[in-house]
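> Have a look at this prediction, sequence included:
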Amino acid sequence: MLSTSETFRTSAGDEVILLPPSLIRPHERHDEALALALAAKIAREAIWTSPLVVEAQDFVLLDGHHRLRAARLLDLASVPVVVIAYDDPRITLVPWRVKESWSRDAVIEHARAGRLLPPKTTRHVLDPEIGETAIPLWPLRQRAEACLAR
(Lines give C-alpha, C1' and ligand atoms only; values in the text may rest on other atoms or scores of the structure.)
Protein backbone atom coordinates (compact mmCIF):
# COMPACT_ATOMS: atom_id res chain seq x y z
CA MET A 1 0.00 0.00 0.00
CA LEU A 2 1.29 3.44 -0.91
CA SER A 3 1.20 6.33 1.51
CA THR A 4 2.94 9.54 2.38
CA SER A 5 3.49 11.20 5.71
CA GLU A 6 2.20 14.47 4.30
CA THR A 7 -0.78 15.14 2.06
CA PHE A 8 -0.37 17.40 -0.94
CA ARG A 9 -2.98 18.68 -3.37
CA THR A 10 -2.81 20.39 -6.74
CA SER A 11 -4.30 23.83 -7.25
CA ALA A 12 -7.30 22.03 -8.82
CA GLY A 13 -7.72 19.81 -5.74
CA ASP A 14 -6.29 16.51 -7.03
CA GLU A 15 -4.47 14.40 -4.45
CA VAL A 16 -0.71 14.21 -4.94
CA ILE A 17 1.30 11.30 -3.56
CA LEU A 18 5.05 10.82 -3.48
CA LEU A 19 6.40 7.79 -5.36
CA PRO A 20 9.93 6.54 -5.91
CA PRO A 21 10.90 7.18 -9.56
CA SER A 22 11.81 3.50 -9.91
CA LEU A 23 8.12 2.51 -9.63
CA ILE A 24 7.06 4.67 -12.57
CA ARG A 25 7.02 3.11 -16.05
CA PRO A 26 7.64 5.52 -18.93
CA HIS A 27 6.25 4.69 -22.37
CA GLU A 28 8.25 7.32 -24.29
CA ARG A 29 11.88 8.37 -24.47
CA HIS A 30 12.86 11.89 -23.50
CA ASP A 31 15.02 14.62 -24.96
CA GLU A 32 18.09 14.70 -22.70
CA ALA A 33 18.83 18.39 -23.33
CA LEU A 34 15.31 19.34 -22.26
CA ALA A 35 15.52 17.12 -19.19
CA LEU A 36 18.87 18.66 -18.18
CA ALA A 37 17.48 22.18 -18.54
CA LEU A 38 14.41 21.24 -16.53
CA ALA A 39 16.53 19.64 -13.78
CA ALA A 40 18.60 22.84 -13.55
CA LYS A 41 15.42 24.94 -13.27
CA ILE A 42 13.94 22.72 -10.57
CA ALA A 43 17.21 22.73 -8.61
CA ARG A 44 17.53 26.51 -8.91
CA GLU A 45 13.95 27.14 -7.74
CA ALA A 46 14.07 24.33 -5.13
CA ILE A 47 10.39 23.63 -5.71
CA TRP A 48 8.34 21.09 -7.69
CA THR A 49 5.39 22.67 -9.48
CA SER A 50 3.95 20.08 -11.90
CA PRO A 51 3.15 16.58 -10.66
CA LEU A 52 3.57 13.61 -12.95
CA VAL A 53 0.39 11.89 -14.11
CA VAL A 54 0.52 8.11 -13.69
CA GLU A 55 -2.13 5.52 -14.48
CA ALA A 56 -3.33 3.59 -11.46
CA GLN A 57 -2.87 -0.07 -12.40
CA ASP A 58 0.69 -0.31 -13.74
CA PHE A 59 2.06 3.15 -12.82
CA VAL A 60 2.53 3.92 -16.51
CA LEU A 61 3.63 7.50 -16.95
CA LEU A 62 1.02 9.41 -18.95
CA ASP A 63 2.44 12.90 -18.58
CA GLY A 64 5.85 14.06 -17.37
CA HIS A 65 8.60 12.07 -19.09
CA HIS A 66 11.03 15.00 -18.95
CA ARG A 67 10.12 15.69 -15.32
CA LEU A 68 10.76 12.05 -14.43
CA ARG A 69 14.20 12.20 -16.06
CA ALA A 70 14.89 15.51 -14.27
CA ALA A 71 14.01 13.86 -10.94
CA ARG A 72 16.45 11.05 -11.69
CA LEU A 73 19.16 13.56 -12.65
CA LEU A 74 18.57 15.31 -9.33
CA ASP A 75 18.71 11.93 -7.56
CA LEU A 76 15.35 12.52 -5.89
CA ALA A 77 14.03 9.70 -3.76
CA SER A 78 10.43 10.50 -4.67
CA VAL A 79 8.40 12.53 -7.13
CA PRO A 80 4.96 14.16 -6.84
CA VAL A 81 2.39 12.11 -8.71
CA VAL A 82 -1.31 12.27 -9.45
CA VAL A 83 -2.56 8.71 -9.90
CA ILE A 84 -5.53 8.36 -12.23
CA ALA A 85 -7.43 5.44 -13.72
CA TYR A 86 -6.71 5.20 -17.43
CA ASP A 87 -10.43 4.90 -18.17
CA ASP A 88 -11.15 8.17 -16.33
CA PRO A 89 -13.32 10.27 -18.67
CA ARG A 90 -11.09 13.31 -18.03
CA ILE A 91 -8.28 11.70 -20.09
CA THR A 92 -8.11 12.00 -23.86
CA LEU A 93 -5.24 10.30 -25.71
CA VAL A 94 -4.13 12.11 -28.85
CA PRO A 95 -1.03 11.74 -31.01
CA TRP A 96 1.40 14.63 -31.39
CA ARG A 97 1.84 13.77 -35.08
CA VAL A 98 -1.23 14.17 -37.30
CA LYS A 99 -0.96 10.90 -39.25
CA GLU A 100 -0.43 8.66 -36.21
CA SER A 101 -2.94 6.90 -34.02
CA TRP A 102 -2.33 5.35 -30.60
CA SER A 103 -4.50 3.34 -28.26
CA ARG A 104 -4.38 3.13 -24.48
CA ASP A 105 -3.58 -0.58 -24.79
CA ALA A 106 -0.57 0.24 -26.99
CA VAL A 107 0.70 2.79 -24.45
CA ILE A 108 0.44 0.24 -21.63
CA GLU A 109 2.09 -2.49 -23.72
CA HIS A 110 5.06 -0.28 -24.66
CA ALA A 111 5.57 0.67 -21.02
CA ARG A 112 5.30 -2.91 -19.75
CA ALA A 113 7.73 -4.18 -22.39
CA GLY A 114 10.15 -1.30 -21.96
CA ARG A 115 9.89 -0.53 -25.68
CA LEU A 116 9.89 3.22 -25.43
CA LEU A 117 8.28 5.31 -28.14
CA PRO A 118 10.03 8.40 -29.53
CA PRO A 119 9.69 11.59 -27.47
CA LYS A 120 6.39 13.43 -27.89
CA THR A 121 4.57 10.53 -29.56
CA THR A 122 1.44 10.59 -27.40
CA ARG A 123 -0.31 13.34 -25.55
CA HIS A 124 -2.66 12.76 -22.64
CA VAL A 125 -4.99 15.73 -22.27
CA LEU A 126 -6.83 16.10 -18.97
CA ASP A 127 -10.00 18.14 -18.81
CA PRO A 128 -10.13 19.70 -16.37
CA GLU A 129 -6.37 19.99 -15.94
CA ILE A 130 -4.86 18.73 -12.69
CA GLY A 131 -3.30 22.03 -11.72
CA GLU A 132 0.02 22.75 -10.07
CA THR A 133 1.77 22.15 -6.78
CA ALA A 134 4.32 23.99 -4.69
CA ILE A 135 6.29 21.18 -3.07
CA PRO A 136 9.76 22.01 -1.74
CA LEU A 137 12.53 19.67 -2.82
CA TRP A 138 13.49 18.60 0.71
CA PRO A 139 10.67 16.03 1.14
CA LEU A 140 11.51 14.65 -2.31
CA ARG A 141 15.10 14.05 -1.26
CA GLN A 142 14.08 11.89 1.70
CA ARG A 143 14.69 8.17 1.45
CA ALA A 144 12.36 6.37 -0.93
CA GLU A 145 11.40 3.84 1.75
CA ALA A 146 9.51 6.63 3.55
CA CYS A 147 7.10 6.71 0.60
CA LEU A 148 6.12 3.06 0.91
CA ALA A 149 4.01 1.74 3.77
CA ARG A 150 5.21 -1.60 5.03
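Here it is on my side, so go on.

> what sits up against the helix or strand that A37 is a member of?
Using DSSP states H and E, the element containing A37 is helix 32-45. Residues outside helix 32-45 that contact it (C-beta atoms under 8 Å, 6 or more residues apart in numbering): W48, H66, R67, R69, A70, A71, L73, L74, L137. Using the backbone N, CA and C atoms, a C-beta is placed for each residue, glycine as well.

> Buried only: go through those for me.
Among these, those buried by neighbour count (16 or more other C-beta atoms under 10 Å) are W48, H66, R67, R69, A70, A71, L73, L74.

> From T121, how far out is the residue lying closest to the first one once chain neighbours are set aside?
Right, W48. In space, W48 comes closest to I135 once its chain neighbours are excluded; the distance is 4.5 Å by C-beta to C-beta, 6 or more residues apart in numbering. With distances taken as C-beta to C-beta, to the nearest Å, I135 is found 28 Å from T121.

> Nearest residue to the most centrally placed residue in the chain in space, ignoring adjacent ones along the chain?
Nearest to the mean C-alpha position of the chain, counting by C-alpha atoms, centre = their mean, stands L52 at 2.5 Å. Using C-beta to C-beta, 6+ apart and skipping the chain neighbours, the partner closest in space to L52 is G64 (3.6 Å).

> Model confidence at that neighbour, what's the number?
G64 carries a pLDDT value of 97.

> Any idea how many residues pack against it?
G64 sits with 23 neighbouring residues when counted by other C-beta atoms under 10 Å.

> now do R112
Other residues within reach of R112, judged by other C-beta under 10 Å, total 12.

> Helix, strand, or coil at the nearest residue in space to it that is not next to it in sequence?
Distance criterion C-beta to C-beta, 6+ apart; nearest residue to R112, sequence neighbours excluded, is D58 at 6.5 Å. In three-state terms, and counting by DSSP: H, G, I helix; E, B strand; the rest coil, D58 is coil.

> Then A106?
Three-state call for A106 (three-state DSSP): helix.

> swap in V16?
The local conformation at V16, judged by three-state DSSP, is strand.

> one step back: for the residue nearest to the centre of the chain, which residues make a bridge with it?
Beta-bridge pairing for L52 (DSSP bridges): V81.
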